[in-house]
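Q: Give me the fold of what follows.
(2 chains)
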Amino acid sequence: MSRKRLIEVINPLGWAVVLLAIGLWELVIQAGIVDFSYTPPPSEIVKGFSDLVSSGDMGKAVWHTLSITLIASAIGMTIGILLGTALGLVSWVRTFTMGTVDVFRTIPVVALMPVALLVWGASSKSEIVVASFAAVWPITLNTSAGVRSVHPVKSDVARTFRLSRLDTVRKIVFPVATPAILVGARLSVVAALVVAIVAEMIINPAGIGYGLVFATQSLHPDQMWAYAVAAGILGYLLNVLLVQLVRRGGANMGVEPR
Amino acid sequence: MGVALPGPDGRPFEILRDINFRLEPAEIVGIVGRSGTGKTTLLRVLAGLLPATGGSVMLLGRPVHGPPSTVVTVFQDYVNALLPWRTIARNVALPLERRYPKAVRKERVARALEMVGLADRANDHPWRLSGGMQQRVQIARALAVSPHVLLMDEPFGALDAMTKASLQDQLLLMQAETRATVVFITHDLEEAIYLSDRVFLIAGSPGQLTLEVRTDLPRPRNQITTRELPRYLEVRHQLSTALHGTSPPPEE
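A: This is a model prediction of the structure:
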């Protein structure tokens, strides 16, 4: 790695700005220039964070939210890839289902949370249901668009070599659609995370979302901020992971043959 | 044979009318004509990619419904016809998968790549190759299934003159070796005469087969000497007159 590249990766200027902002925040509050009753300085947030980590609350909350996000993403992606493929490949499915899909995907998921609460109670099940519901749509639409983006010449190639329908889908349609499907997967995971945290705030008392609400209501702004920071870090890490996946999938668009 | 497709107003629009011909084994036929006369449609019908709405295409006495296993099409748009996520060797192997065991597949791929002179690029991906090489990959992929009939839609249309000449000669060599029947479309009259046993001229709307010329040029052909033969010039004069109404414009 060249020196220039190393500097780009470390990004000293970017870090300097972040550290400066945090330092300024600390200074402004410690010096009493700004005095909002419940705005702690960064040092207190760090302390709140470490309190939560040592009591085990933070670990439990992050693990809960992460596992719900992953389960809901897996459910959403499975349904979404199947549904999206059917929508993309079969014209009558598209004709008769697209309207329903458009209605469902535009319903604000938050509006369905009370429904889930009444049906499945204040449980992880309710949370998984609403988070999965949110995760289904981005991947469905992206899969459908990806599957439909096969160039007509590629379809002709499949026909002139008499590939079976299954082989055409496996060897031509899916490799073409893979980058779009991966982008959809990324959007779905983010949607699942956001909806899981909101669900924890209003229907299932667990995880980061509940931690945020509980800390707020028990007047622990340091812990509230600590949970917010944890949510940010979790979202960021999931995104980095998926961007890497998309990059790798984009460069290596196919699967090795049997 | 005739073809009509739904037009913009939804009513059938006649593209080709009264096309009748018979191809002999190992024959090379070039189809020329102006744009929009239905050449590509004709090739797609021969390939079984598009059904004829009147009449039929017969292959060895049997009507063609859908692409037959011994007829393969090479498309003009080689960029989209190749699969960018597969290596050259695996692109060529595509039609062989499920049909032959692995060892046979490997051998056929190697032989097809040998024929087009790309054996040393087997493990590259298509985007690392020049346009001419990519088109050769597509031809190799078609040859890998040992077709009896090779249909080519402007195979060299997107290539520069030098690449074109060398691919023309390669095609002739491959055809001499495989004895496949070749039907190709071209905008280049000279190319049609140079390669073919017979040249068909499609003209009008709907397109009709207005002229059929037997070139009667000796084989093997040569880019320089064949093009200087009196018979070559005679055929060129006849086809040019039919195509342009006069002798060819100077840039040809």
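Q: In contact with the residue most central in space within chain B, which residues?
A: For chain B, residue B:152 is the residue whose C-alpha lies nearest the centre (Cα atoms, centre = their mean; 2.0 Å). Going by Cβ atoms under 8 Å, 6 or more residues apart in numbering or on different chains, residue B:152 touches B:73, B:74, B:182, B:183, B:184, B:185. All C-beta atoms are positioned from the backbone trio N, CA, C, and that covers glycine.
Q: rerun at 6 Å
A: By Cβ atoms under 6 Å, 6 or more residues apart in numbering or on different chains, the contact set of residue B:152 is B:74, B:184.
Q: what's the answer for residue A:68, then?
A: A:127, A:128, A:196.
Q: The first one and chain B: what is the separation?
A: To tie it back to what came earlier, the one meant is residue A:127. Residue A:127 is 38 Å from chain B, where distance means Cβ to the nearest Cβ, to the nearest Å.
Q: One more: residue A:212?
A: Counting by Cβ to the nearest Cβ, the gap from residue A:212 to chain B is 44 Å.
Q: Residue A:107 now?
A: Distance from residue A:107 to chain B, by Cβ to the nearest Cβ: 37 Å.
Q: now that residue: how far from residue A:194?
A: Separation of residue A:107 from residue A:194 (Cβ to Cβ, to the nearest Å): 15 Å.
Q: Kindly report the same for residue B:181.
A: 62 Å.
Q: again, but for residue B:232
A: In terms of Cβ to Cβ, residue B:232 sits 73 Å off from residue A:194.
Q: And residue A:65, by the same measure?
A: 11 Å.
Q: Buried residues of stretch A:68-78, list them for me.
A: Neighbour-count burial for stretch A:68-78, counted by 16 or more other Cβ atoms under 10 Å in any protein chain shown, picks out A:68, A:69, A:70, A:71, A:72, A:73, A:75, A:76, A:77.
Q: And for stretch A:50-60?
A: A:52, A:57, A:58.
Q: for stretch B:133-148, same thing?
A: Quick answer for stretch B:133-148 (16+ other Cβ under 10 Å): B:133-145, B:147-148.
Q: Quick check: which element contains the residue of the stretch 1-150 of chain A at minimum distance from chain B?
A: Residue nearest to chain B within the stretch 1-150 of chain A: residue A:150 (9.6 Å; Cβ to the nearest Cβ). Under DSSP states H and E, no helix or strand contains residue A:150.
Q: Now for the closest residue to it other than its chain neighbours, how many residues are close by?
A: If the residues on either side of it in the chain are set aside, residue A:150 comes closest to residue A:176, at 5.0 Å by Cβ to Cβ, 6 or more residues apart in numbering or on different chains. For residue A:176, the neighbour count with other Cβ atoms under 10 Å in any protein chain shown is 21.
Q: Would you agree residue A:176 falls within a helix?
A: Yes - checked against DSSP: H, G, I helix; E, B strand; the rest coil, residue A:176 lies within a helix.
Q: Spell out which parts of the stretch 151-258 of chain A neighbour chain B.
A: Within the stretch 151-258 of chain A, the positions near chain B by Cβ under 6 Å from any Cβ of the partner chain are A:151, A:153, A:156, A:157, A:159, A:160, A:161, A:162, A:175, A:253, A:254.
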